[in-house]
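Chemist: model the following, please.
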Amino acid sequence: MSETASYLYAVAAPVGDDVLGGLRGVAGEPVRAVRHRDLVAVVGTVDVGSDGAFGEEALARNLNDLDWLEAAARAHHAVIDGVARAVPAAPLRLATIVADDDGVRDRLERWHDGLRRALDEIAGRAEWSVKVYAPETSAPDAVAEPVPAAGAPGSGAAYLLRRRAAAT
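Modeler: Numbering: from 1, shown residues only. Next up is the predicted model:
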């Protein structure tokens, strides 16, 4: 018997089921809206049982598995991006999991005023990201690492490997 929980992706302004209908989450699950007052939490249902990928022990292992982490991060981002293209949305951290939809509504109630202000502030705006790559000037003998093309398969995993190596 599996146990399930609600995985949170974002909190948004009211969003229609037509936007959410085509989105799939980190476990390949359909996402749905949990509504409370004038906010919507975009959630999916994940397996947190002993055999599930999102149970406490399994999740700790999976977050250290770069292939799993890359796939989960891409799916998490795709849901947020899909919602944010339609309505103002505040993303939540990867692997934000709550026991059930009542717990989601409780969070929406507790976070309501701050989230409402944030959503009002970003309404009608777009976020852009720019990356600039320049050769390092302090180490002229160093061999430059090739920069993967944006969206290239594995580029997220390569980035995480570089970050891990730099931290040790």
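Chemist: now the strands: where do they sit in the chain?
Modeler: Secondary structure of the chain (DSSP state E): strands located at 4-12, 32-36, 39-47, 89-98.
Chemist: now the ones you listed in CSV, with mean pLDDT, distance to Val130 and mean neighbour count?
Modeler: For glycine as for every other residue, the C-beta is placed from the backbone atoms N, C-alpha and C. What follows is the strands of the chain, written out as CSV (pLDDT from 0 to 100; distance: least, C-beta to C-beta, whole Å; neighbours: other C-beta atoms under 10 Å):
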stretch, mean pLDDT, distance to Val130, mean neighbour count
strand 4-12, 97, 23, 24
strand 32-36, 96, 32, 18
strand 39-47, 96, 27, 23
strand 89-98, 95, 19, 17
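Chemist: out of the ones you listed, which is closest to Ala73?
Modeler: Ala73 sits nearest to strand 89-98 of all the strands of the chain, at 6.0 Å, using C-beta to C-beta.
Chemist: can you list the strands that the closest one pairs with?
Modeler: strand 4-12 (antiparallel) (DSSP bridges).
Chemist: and the strand it pairs with, how far from the chain's centre?
Modeler: Averaged C-alpha coordinates place strand 4-12 at 10 Å from its chain's average position (C-alpha atoms, centre = their mean, to the nearest Å).
Chemist: ok, now stretch 126-136?
Modeler: Its chain's average C-alpha position is 21 Å from that of stretch 126-136, according to C-alpha atoms, centre = their mean.
Chemist: go on, stretch 90-99?
Modeler: Mean C-alpha position of stretch 90-99 versus that of the full chain (C-alpha atoms, centre = their mean) differs by 7 Å.
Chemist: next, the angle strand 89-98 makes with the longest helix belonging to the chain.
Modeler: When the chain is parsed with DSSP state H, its longest helix is helix 101-122. If you take axes from the mean of the first three to the mean of the last three C-alpha atoms, to 10 degrees, helix 101-122 sits at 160 degrees to strand 89-98.
Chemist: other SSEs contacting helix 101-122?
Modeler: Counting contacts by 3 or more C-beta pairs under 8 Å, 6 or more residues apart in numbering; DSSP states H and E, helix 101-122 packs against strand 4-12, strand 32-36, strand 39-47, strand 89-98.
Chemist: and those as a markdown table, adding distance to Asp106?
Modeler: Shown next, in a markdown table, are those (distance: least, C-beta to C-beta, whole Å):
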| stretch | distance to Asp106 |
| --- | --- |
| strand 4-12 | 11 |
| strand 32-36 | 9 |
| strand 39-47 | 11 |
| strand 89-98 | 8 |
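Chemist: so which of the ones you listed is nearest Asp113?
Modeler: Among the helices and strands packed on helix 101-122, strand 39-47 comes nearest to Asp113, with 10.5 Å by C-beta to C-beta.
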